[in-house]
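[1] how would this look folded up:
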Amino acid sequence: MFTGMLLTILLASLVLTLALGFYVIITAPDEAINRTFGSFIGMMILWIVKDLAFWGFHKDDENVVWWGIVSFIIGIGLQIALLLFAEVFPENARPRWNRILFLSSPLVVLLPMLFMGMMWERIGFAHGDFHIKLKPAAYVFGAYNFVLLTIGIAQLIGKYRKYKGTLWGQQLASIILGVIATGALIVPAGNLLPSVGVYTFLPFSSVFIVAGTLIYAYAITNFKLFSLQTALDQLRLFPITYKITIATALVSLLGFFLLQVPVAIWAFSPADPGWKKFLIFAPIAGLVPSLILILVIVKILSRPLRDLTEKTLEVARGSYGAQIELTSNDELGVLAKSFNSMSRQMATDIAQLKEINQALIRTEKLATAGTLATGVAHEVNNPLASISSLVQSLLGRTEQERDRETLRLILSQITRISNVLRSLMDFARPQTPTRAATDLNQVLAKSVELARFDKRFKQLDVQLDFMPQLPLLLIDADQMQQVFLNLLLNARDAIDERNDDGHSGEIRVVTCLRNHEVIAEISDNGIGIAPENVNRVFDPFFSTKTGGKGTGLGLAVSHSIVAAHGGRISIAPKEQGTTVTIAFPEAV
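    Presented below is the predicted three-dimensional model:
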């Protein structure tokens, strides 16, 4: 009667501990935390199985040295597993193996003593009563065991103080409580009381493991202990991993009851003691390959699917271009490659959409500015022409040189206003380009030649690097010359604004053929442009020039001309200065 109740209690303890071990390993088999705590739980499971085999099936007169040796080995294994866990938890850090090996070094002496029978004089049953008489070496072994346990708990307490008040602190507190509660029950029942001849609670020492198991289970549900935090948590999914685990366990149990039990009934007689051993240990043995099968499935199927799902959620939240690192020669590998290709294409498309959106905004601004420019130019041009005529008339009748100088100054300013109005009109009503097969190198060379008439431009070091035999482009040479001349003079102004002592102004003009596009680049080492202004430089009336030197229309007009030719213009700051790039498709 007592044996049957004890077996039932031990089996219940085993099931609970196995469930905890399955959860810890299956949740994140690749994490050091889960692996080390899984080994700790594994030692607990071995302890329970050892007690099941011993207390459930011993003989009234039997020498059980094997039980003593296994108990000592599993006990020390528990402490080493705890030390490893204390090293990696909760940071998932790498264990300090040198420290672990140093603390384990006494085993080099203690283990041979254990196998040579130097730990006890006798251990076993006599007339149904259990007795054990220990030697001094056993107490040394036990003291060493307690030292390792104390070091492990002390290390966990030190980390708890460090992370107190955080989720990690709560997790550490639950682990410490579980270890101390288990140790506080097992040590008296399995060590202290037997050392003075009290063996009443020794068969129940494995049952006390359940105390720690229940604490760990509480921490799992409340503090997310051993849970791998991912983007899927908020979806409240029931992961495939858990479904696989439950399905595999149920299939194993059904296979045992539906197939193995009938075979056992046929093979064993009711009086055969092997019947009871089969019922208890066959399911335990069957769970080992089941666990291996689950781990394999998780490795090759569940984990890649989870990674793929997490990356999909990243893309859905705007992380376009996210890639999954999965190279396998199966359907999952094909799925991962297709996902990566789709994600890259999506990132490219989104970038192009943003560029198109910016272009639409710029076009709308250009249209608005054009309408405004037409009205302003019309309203100002007529009275300005009258003023110009009057000033010229006065200039012809005035003889005083001082007055004539004043009138000439007024006339020059009127001319300047007229030029601005002409730019406004050109901007508002861009002419249809008269296209002809043109060598872009010649247009650039002519533009540089015209720019050299400027006194300040002459002082600059202008470097030309033209690619010979560029494909001819169907462009309006005059309009493109206007664009390049504007860019060259902008580069001159940027160099002037830098105004460093001893600074040598340089402009580099390059042409090349790249990705089926004819490219022209004009670079300078001037003051440069702030990154926040890059997207605004083509807006009408936007200028970075100081002292009111610019109208803010040069680049806007240039953008309109280049776009009308089917090309694109972009500006990019560099370490010192700016680079403007104009690109035309090779077929233009």
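[2] can we go C-alpha only for contacts and neighbour counts from here?
    Will do.
[3] Could you identify the helix or strand that succeeds the least confident helix or strand in the chain by mean pLDDT?
    The helix or strand of the chain with the lowest confidence, counting by mean pLDDT, DSSP states H and E, is helix 209-223 at a mean of 71. Sequence-wise, the next helix or strand downstream of helix 209-223 (DSSP states H and E) is helix 240-255.
[4] Could you look up the next helix or strand downstream of that next one?
    helix 261-267.
[5] what comes up buried for that next one?
    residue 261 (16 or more other C-alpha atoms under 10 Å).
[6] what's the spacing between it and its chain's center?
    Centroid separation for helix 261-267 versus its chain: 55 Å, with C-alpha atoms, centre = their mean, to the nearest Å.
[7] Check which helices and strands it sits against.
    helix 274-297 (3 or more C-alpha pairs under 8 Å, 6 or more residues apart in numbering; DSSP states H and E).
[8] Past the helix it packs on, which element shows up next along the chain?
    Next element after helix 274-297 (DSSP H and E): helix 303-316.
[9] would residue 464 count as being in a helix?
    No: counting by DSSP: H, G, I helix; E, B strand; the rest coil, one finds residue 464 to be strand, located in no helix.
[10] Offset the numbering so it begins at 19, please.
    Happy to do that; since the first residue is 19 now, the last one works out to residue 482.
[11] ok, which stretches of the stretch 19-168 of the chain are helices?
    Per DSSP state H, counting those that start in this stretch, the stretch 19-168 of the chain carries helices over the ranges 20-45, 50-73, 83-106, 115-122, 125-133, 154-181.
[12] give me the number of residues near residue 209?
    Neighbour count for residue 209, taken as other C-alpha atoms under 10 Å: 16.
[13] Look at it and report its pLDDT.
    pLDDT recorded at residue 209 is 75.
[14] From residue 223, how far out is it?
    10 Å (C-alpha to C-alpha, to the nearest Å).
[15] Next: residue 491.
    91 Å.
[16] same deal with residue 473?
    Distance of residue 473 to residue 223, given as C-alpha to C-alpha: 100 Å.
[17] between those two, who's got more neighbours?
    Each of residue 473 and residue 223 has its neighbours counted (other C-alpha under 10 Å); residue 223 has more, 22 against 9.
[18] Next one, pLDDT for that one please.
    So, for residue 223, pLDDT stands at 78.
[19] and if you look at residue 492?
    For residue 492, pLDDT reads 89.
[20] That one: what's it in contact with?
    453-456, 606 (C-alpha atoms under 8 Å, 6 or more residues apart in numbering).
[21] So it belongs to a strand, correct?
    Yes: assigned with three-state DSSP, residue 492 falls within a strand.
[22] who's it bridged to?
    residue 455 (DSSP bridges).
[23] Distance-wise, check it relative to residue 464.
    17 Å.
[24] Residue 191 now?
    Using C-alpha to C-alpha, which is the criterion applied here, residue 191 is 80 Å from residue 464.
[25] Check residue 120 too.
    When residue 120 is compared with residue 464 (using C-alpha to C-alpha), they lie 81 Å apart.
[26] out of these two, which sits in the busier spot?
    Neighbours around residue 120 and residue 464, counted as other C-alpha under 10 Å, are more numerous at residue 464. The numbers are 16 against 9.
[27] shouldn't the more buried one be in contact with residue 499?
    Yes: applying C-alpha atoms under 8 Å as the test, residue 464 and residue 499 come out as touching, 7.5 Å apart.
[28] Report how many residues lie close to residue 233.
    18.
[29] who's in contact with the residue nearest the centre of the chain?
    In the chain, the centroid-proximal residue (C-alpha atoms, centre = their mean) is residue 340; its distance is 9.1 Å. Contact analysis of residue 340 by C-alpha under 8 Å, 6+ apart lists 329, 332-333, 358, 361-362.
[30] And the helices in the stretch 419-568 of the chain, which stretches?
    419-446, 458-469, 473-476, 495-516.
[31] picking that back up, dump the contacts of residue 340 to TSV, plus distance to residue 317.
    Listed next are those as TSV, based on distance: C-alpha to C-alpha, whole Å:
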residue	distance to residue 317
329	18
332	22
333	24
358	21
361	24
362	26
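[32] Now that we have these, which of them are buried?
    For the contacts of residue 340, buried by 16+ other C-alpha under 10 Å: 329, 332-333, 358, 361-362.
[33] measure stretch 515-525 end to end?
    14 Å.
[34] same deal with stretch 198-217?
    22 Å.
[35] can you list contacts of that stretch?
    148-150, 152, 171, 219-220, 222-224, 226-230.
[36] Can you mark which positions in it are buried?
    Neighbour count says stretch 198-217 has 198-201, 203-204, 207-209, 212, 217 buried, by 16+ other C-alpha under 10 Å.
[37] Same check on stretch 342-357?
    342, 344, 350, 354-355, 357.
[38] So which of those sit within helices?
    Among those, DSSP state H puts 350, 354-355, 357 in helices.
[39] can you redo those residues as TSV with pLDDT?
    Listed next are those as TSV, based on pLDDT from 0 to 100:
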residue	pLDDT
350	76
354	80
355	83
357	81
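[40] sorry, back to before: pLDDT added to the contacts of residue 340, as TSV?
    Shown next, in TSV, are those (pLDDT from 0 to 100):
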residue	pLDDT
329	80
332	79
333	79
358	83
361	83
362	83
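[41] For residue 437, state which of these is nearest.
    Of all those, residue 437 sits closest to residue 362, with 48.4 Å by C-alpha to C-alpha.
[42] one step back: and the residue nearest to the centre of the chain, how far is that from residue 265?
    Relative to residue 265, and taking C-alpha to C-alpha, residue 340 is found at 33 Å.
[43] what do you get for residue 298?
    21 Å.
[44] what does residue 53 give?
    Distance from residue 53 to residue 265, by C-alpha to C-alpha: 23 Å.
[45] Pick out whichever of those two has more residues nearby.
    residue 53 (20 against 13).
[46] Isn't the more buried one up against residue 45?
    No: Residue 53 is beyond contact range of residue 45, at 10.3 Å (criterion: C-alpha under 8 Å).
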